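Q: Have a look at this prediction, sequence included:
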Amino acid sequence: KAGVTQTPRYLIKTRGQQVTLSCSPISGHRSVSWYQQTPGQGLQFLFEYFSETQRNKGNFPGRFSGRQFSNSRSEMNVSTLELGDSALYLCASSLGPEGRYRPQYFGPGTRLTVL
Amino acid sequence: GDSVTQMEGPVTLSEEAFLTINCTYTATGYPSLFWYVQYPGEGLQLLLKATKADDKGSNKGFEATYRKETTSFHLEKGSVQVSDSAVYFCALSSDANFGNEKLTFGTGTRLTIIP
């Protein structure tokens, strides 16, 4: 079974631009979560989607948004990029809310650099 | 709120040495606990998990026991190999977030094994 895939793997943008990152979960997984990883802040939860609905959101400004499609694929968007948005963005999928014991499986991440 | 405190790194050990990486947590309810590993240039891989008190998670020679009385989940391995060099993250999924998939991570511990 294929793992979580994220595209693109690397991205370079300039301040003020916007960016869209894509995540395809493991087949059969219905929950997709997004995390930001930076050297200073570590791993921080952005948001989680299940059945095309955002169920949980971390403490990030409104410039960060996401959505999930009917096939469980997810995208996240960052508008008006700032230098501090440079990070590794990780997507994780899991089976869903049937039980909190179900672990999340992570993709390789998208490395975003904002110049 | 939920939090995870991890042993500061970096940790450098010789091959075949005994490894302990300390992890303590603060959470409401009865969280599930995880150890994830991140190899250079990759996303996170689930190493092991425990879902209730006194559970022992194990995988690839690594072990961790869920200790509710000390709110700890220390990672151990009896004999490390060069291939174990990576960054290790302790994480929890809080009972307060039942049905939601948010993970709270520690800051990570970089482990280097020298031959």
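A: Alright, I've got the coordinates.
Q: what is the residue nearest to the spatial centre of chain A paired to in the beta sheet?
A: Most central in chain A under Cα atoms, centre = their mean is A:Trp34, positioned 3.0 Å from the mean C-alpha point. A:Trp34 has the following beta-bridge partners by DSSP bridges: A:Phe47, A:Cys91.
Q: Quick check, it in contact with A:Val78.
A: No - the criterion here is Cβ atoms under 8 Å, and A:Trp34 misses it with A:Val78 at 10.6 Å. All C-beta spots, glycine's among them, are computed from the backbone N, C-alpha and C.
Q: Low-confidence regions, chain A specifically.
A: By pLDDT under 70, the low-scoring segments of chain A are A:1, A:97-101.
Q: cool, and chain B?
A: Under the criterion pLDDT under 70, the flagged ranges of chain B are B:95-101.
Q: which residues of it fall in strands?
A: For chain B, the strands defined by DSSP state E occupy B:3-6, B:11-14, B:19-21, B:23-26, B:32-38, B:44-50, B:56-59, B:62-65, B:75-77, B:86-93, B:104-105, B:109-114.
Q: I'd like these as a markdown table, with distance to chain A appended.
A: Output for the strands of chain B, formatted as a markdown table (distance: least, Cβ to the nearest Cβ, whole Å):
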| stretch | distance to chain A |
| --- | --- |
| strand B:3-6 | 10 |
| strand B:11-14 | 17 |
| strand B:19-21 | 15 |
| strand B:23-26 | 14 |
| strand B:32-38 | 6 |
| strand B:44-50 | 4 |
| strand B:56-59 | 10 |
| strand B:62-65 | 14 |
| strand B:75-77 | 16 |
| strand B:86-93 | 6 |
| strand B:104-105 | 4 |
| strand B:109-114 | 11 |
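Q: Select, out of those, the one closest to A:Ser74.
A: strand B:44-50 (16.9 Å; Cβ to Cβ).
Q: Which residues in that closest one does the neighbour count mark as buried?
A: When burial is assessed from 16 or more other Cβ atoms under 10 Å in any protein chain shown, strand B:44-50 yields the following buried residues: B:Leu44, B:Leu46, B:Leu47, B:Leu48, B:Lys49, B:Ala50.
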